[in-house]
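would you be able to build a 3D model of this:
(chains A and B)
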Amino acid sequence: MEQQAISNPDQFHSEIEKGYESLAVSQKNDAMRLSVLVSGTYCAACIHKIEHSLRQNPSVMYARLNFSTGHLSMEWNGPARVANDLVQTVENLGYGVRPYDVALEKEQLDKEERFLLLCLGVAGFAMGNIMLVSVGLWTTNIETMGTGMRDFMHWVSALIAIPTVLYSGRPFFRSAFAALKAGQTNMDVPISVGLTLAGAMSLFETVNHGEHAYFDSAVMLIFFLLIGRYFDFRARKKARSSAGDLLASLSGFVTVLEGEKPRHVLARDVVPGQILLVAAGEKFPVDGVILEGESDVDISLITGETIPAAVSPDSEVYAGTINLSAPVRMQITKITKDSLLADIARLLDKASQAQARYVRIADKVARLYTPVVHILALAAFLAWWGTGLAWQESLIIAITVLIITCPCALGLAVPVVQVLATDRLMQRGILVKSGDALERLAAIDTIFMDKTGTLTLGKPALIQSCNEEHLRLAASLAAHSIHPLSLAITKSYGGALLPLSNIREYPGCGMEGYIGDERVRLGSRNWCGDKSQPVSSHLELWLEIAGKRSTPFYFSDQLRPDALETLNKFRQKGISIILLSGDRETIVQNMAKEAGIEQFYAELSPSQKFEMLEKFKRQGHKILMVGDGLNDAPTLAGANISMAPGTAVAISQNAADIVFMGDKLLPVYQAYETACRTQKIVRQNFILAILYNIVAIPVAALGYLTPLLAALAMSGSSLVVILNSFRMRRKA
Amino acid sequence: MTILLYLIPLALLMGLIGLVSFIWALKSGQYNDLDGAAQRILIDDENAP
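Model prediction:
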């Protein structure tokens, strides 16, 4: 079982060109510029160390690290290949460097955030300044002030408000326009109508020396709504970036073998047929076939299995899996963007698009609200006109009705609560990725649980007690390996280790070492086990001493410490729990019994899991899927709402609506509880907003409304809704 | 009351200066790295006397 000799590719790394010169861009002033992603920066000292070391190089003109994004920009005078030296400088400090791919989605998010921030800033400026004038208008009357002064103040207000509405109102106008184009209405439609009408009518009144100008209300509405939207956006962006992007992590360099000469090239530039060197500890960047070398591969990304698979020549390997124990040579069959991983990513995209059909509660309200309010306004117009009032004055009353019902309070009812709830959950290590996730979570009646890594910790642990001497020997060997089973042995043994000599790891087999002259082996049944023993349903390792009889060690996955308690809490709320697993029937049955779950399905393939989900959905169930493996990803994306632990593979984290951290299962229940409270407060907010409308609409329709009353009523209703939302902060 | 004819535009102008400087700060990338700015306070100036 000797491993074939392959020169360690690591030794080439210092000799061959890094390849960063191909990414450097030349600037206008003859300087070169390079942007890379740096990982491992945690504090001010890191920023200083990196920037200072780079500036030591006399050709460097500029070096700046963006601490929030880990994005390092460098500019220097001189040839492009200096790039490699600069990257080497940063790597020598102990930080990880990856090439930066500009075409990532993140860029788009940053742009959107800046747009919202700009709109918010302009609205904030306008609101502060318009108040200056409005307070004067509210506190005096026409007798003291005179028509001339009032008109002047109205014109000043118009000067501030009209550009603000046009500029800062864009996020709402765009969204409303998109909805109308698709033949739907959403909350932004009445907001846009309200804004436009408030602006237009106030301008009309100002021109005609009238009293009914609502510039201040329009600006205040925009400002409040934008605050909600900006915080909502930030929360979502944070969650998305913590989930990470798996495909992006494969975008680095790979070592291609041309003839016998290794060369660093960008992963996106390789073609099928080329031969790659993959060092131990590296990720396979592409799909391919092993040509030379034997190793263990961590395939948890694809199958969810925690135990590494052994590979040898002719084995297939998949992009995203990790080469654990020895360097190998592989031939590329499919490049990154055609790999199995990319296929699954595309499938996921499809499943999540189907999810987009969900109608938010705010939009449901808007669907009822928009026609009702417009009909009321029309009725007011017809009624006044019918009683003999001039049509212009009737129109003003009708528009006043539209403005006073302005959906400020309604528009704030949902986002403020959701932002507060999301923030509260984030402090507990629960990341909520979309605003409506909490709405959907509150409506569930069934939970689908994955087994490995979700209900359990996904880490095997030693389950039988054994001879202390054997355990000591096994632990002394296991301490030299990072295999999950070795880690489990090391963890269960606390004492001092024996000094062993000549320790080496045989990929796919196990560990070997010598104590004195005696050979000790710890590994698989085939390598050093007792083949006559009955096959156990548990994972196993065998210890062989000096070629004599072997001792087995058995391992099993462990339930999360609070799994039972958490599941009971859900049962008390009348929610049924179903265990889904790809594992063997007996193992799943035992685990279900241990967790007190009555309904379970075993030996399911990823597509069967998805079919099970579809079946339950057709029966009208609202399903929460909790899972972590790539095999769960389609089910996660297809479920009404989904959660994944922070240990889940990146694709599953991306597919899930909520990601929770830590070893406990309780966060699933905490999120559910918070979601229920959020919905309760949202409903209260809607009731408050509707109550306000019930009072305000008749007052406006009867023509009793003055601008001061309108401003007070509208701001008052918004404040009541915001204050009610802040009850979310109180302890449950 | 005519004083208002001067004071209000003056107030607006001052507000506008604030707004323009905000937009300038945003455009020149000062809002790109909010966490970094908090950390950089702790770094000593390289050319300090």
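
only C-alpha atoms for contact and neighbour calcs from this point on.
OK.

what's the following helix or strand after the lowest-mean-pLDDT helix or strand in chain A?
One helix or strand of chain A scores below all others by mean pLDDT, DSSP states H and E: helix A:10-13, with a mean of 40. Sequence order places strand A:25-26 as the next helix or strand after helix A:10-13, per DSSP states H and E.

show me what that next one is packed against.
Here strand A:25-26 touches strand A:31-39, going by 3 or more CA pairs under 8 Å, 6 or more residues apart in numbering or on different chains; DSSP states H and E.

contacts for the strand it packs on next, please.
Identification of contacts with strand A:31-39 by CA atoms under 8 Å, 6 or more residues apart in numbering or on different chains yields A:23-27, A:70-80, A:83, A:95-100.

each with direction, which strands does that strand pair with?
strand A:25-26 (antiparallel), strand A:71-77 (antiparallel), strand A:96-99 (antiparallel) (DSSP bridges).

and the second one, how far out from the chain's middle?
Once both centres are worked out by CA atoms, centre = their mean, to the nearest Å, strand A:71-77 turns out to sit 29 Å from its chain's centre.

next, count neighbours for the residue in the stretch 551-700 of chain A positioned nearest to chain B.
Distances between the stretch 551-700 of chain A and chain B by CA to the nearest CA are smallest at A:Met661, namely 22.4 Å. Counted with other CA atoms under 10 Å in any protein chain shown, the neighbours of A:Met661 add up to 17.

of the strands paired with strand A:31-39, which stretch is the most buried?
Ranked by mean neighbour count under mean count of other CA atoms under 10 Å in any protein chain shown, these are led by strand A:71-77, which reaches a mean of 20.

for chain B, what spans make up the helices?
When assigned using DSSP state H, the helices of chain B occupy the ranges B:3-27, B:34-40.

ok, now how distant is the residue in chain A sticking out farthest from the centre from chain B?
Most distant residue from the mean C-alpha position of chain A: A:Gly388, 59.9 Å away (CA atoms, centre = their mean). Distance of A:Gly388 to chain B, given as CA to the nearest CA, to the nearest Å: 40 Å.

over to A:Arg81?
Distance, A:Arg81 to chain B, by CA to the nearest CA: 27 Å.

pretty sure that residue is in contact with A:Ser26, am I right?
No: taking contacts as CA atoms under 8 Å, A:Arg81 lies outside contact range of A:Ser26: 12.0 Å.

that's a strand at the residue farthest from the centre of chain A, yeah?
No: counting by DSSP: H, G, I helix; E, B strand; the rest coil, A:Gly388 is located in no strand; its state is coil.

check which helices and strands the helix or strand of chain B with the lowest mean pLDDT sits against.
In chain B, no helix or strand scores lower on mean pLDDT, DSSP H and E than helix B:34-40, which sits at a mean of 81. Secondary-structure packing of helix B:34-40 (3+ CA pairs under 8 Å, 6+ apart): helix A:44-56.

apply 6 Å and report the result again.
Applying 3 or more CA pairs under 6 Å, 6 or more residues apart in numbering or on different chains; DSSP states H and E, we find helix B:34-40 packed against no helix or strand.

how far is that helix from where the chain is centred?
Counting by CA atoms, centre = their mean, helix B:34-40 comes out at 17 Å from the chain centroid.

what's next to that helix, contact-wise?
Outside helix B:34-40, the residues that touch it by CA atoms under 6 Å, 6 or more residues apart in numbering or on different chains are A:Ala44, A:Phe67, A:Ser68.

list only buried entries from the residues you listed.
Listed as buried from the contacts of helix B:34-40 are A:Ala44, A:Phe67; burial here means 16 or more other CA atoms under 10 Å in any protein chain shown.

out of the contacts of helix B:34-40, who's near chain B?
A:Ala44, A:Phe67, A:Ser68 (CA under 6 Å from any CA of the partner chain).

just send the strands paired with strand A:31-39 back as TSV, with mean pLDDT too.
Shown next, in TSV, are those (pLDDT from 0 to 100):
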stretch	mean pLDDT
strand A:25-26	80
strand A:71-77	87
strand A:96-99	78
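
so chain A: which segments form each domain?
Domain segmentation of chain A under automatic domain parsing yields A:1-100, A:109-241+A:358-416+A:678-729, A:245-346, A:459-559.

format those domains as CSV; extra columns: distance to A:Pro645.
Listed next are these as CSV, based on distance: least, CA to CA, whole Å:
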stretch, distance to A:Pro645
domain A:1-100, 22
domain A:109-241+A:358-416+A:678-729, 13
domain A:245-346, 13
domain A:459-559, 14
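
and A:Lys573, which of those domains is closest to it?
domain A:109-241+A:358-416+A:678-729 (15.7 Å; CA to CA).

first-to-last residue distance for the closest one?
28 Å (CA to CA, to the nearest Å).

same deal with stretch A:258-269?
In stretch A:258-269, first residue to last residue: 14 Å (CA to CA).

export the strands paired with strand A:31-39 to CSV and tack on distance to A:Asn502?
Shown next, in CSV, are these (distance: least, CA to CA, whole Å):
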stretch, distance to A:Asn502
strand A:25-26, 50
strand A:71-77, 44
strand A:96-99, 32
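
closest one to A:Ile578 among those strands?
The nearest among these, by CA to CA, is strand A:96-99 at 41.8 Å.

so, low pLDDT: which residues of the stretch 501-650 of chain A?
Residue ranges of the stretch 501-650 of chain A with pLDDT under 70: A:507-508, A:537, A:650.

now the helices for it?
Listed in chain order, the helices of the stretch 501-650 of chain A (DSSP state H, counting those that start in this stretch) span A:525-528, A:563-572, A:585-595, A:606-618, A:633-638, A:650-655.

mean confidence for the next helix or strand after the last one?
Along the chain past helix A:650-655, the next helix or strand (assigned with DSSP H and E) turns out to be strand A:658-660. In this model, strand A:658-660 has an average pLDDT of 87.

quick one: the strands in the stretch 151-300 of chain A, in order.
Using DSSP state E, counting those that start in this stretch, the strands assigned to the stretch 151-300 of chain A run over residues A:253-258, A:261-266, A:275-278, A:287-292, A:295-298.

what distance separates the third one from the middle of the whole chain?
Averaging C-alpha coordinates over strand A:275-278 and over its chain gives two centres that are 32 Å apart (CA atoms, centre = their mean).
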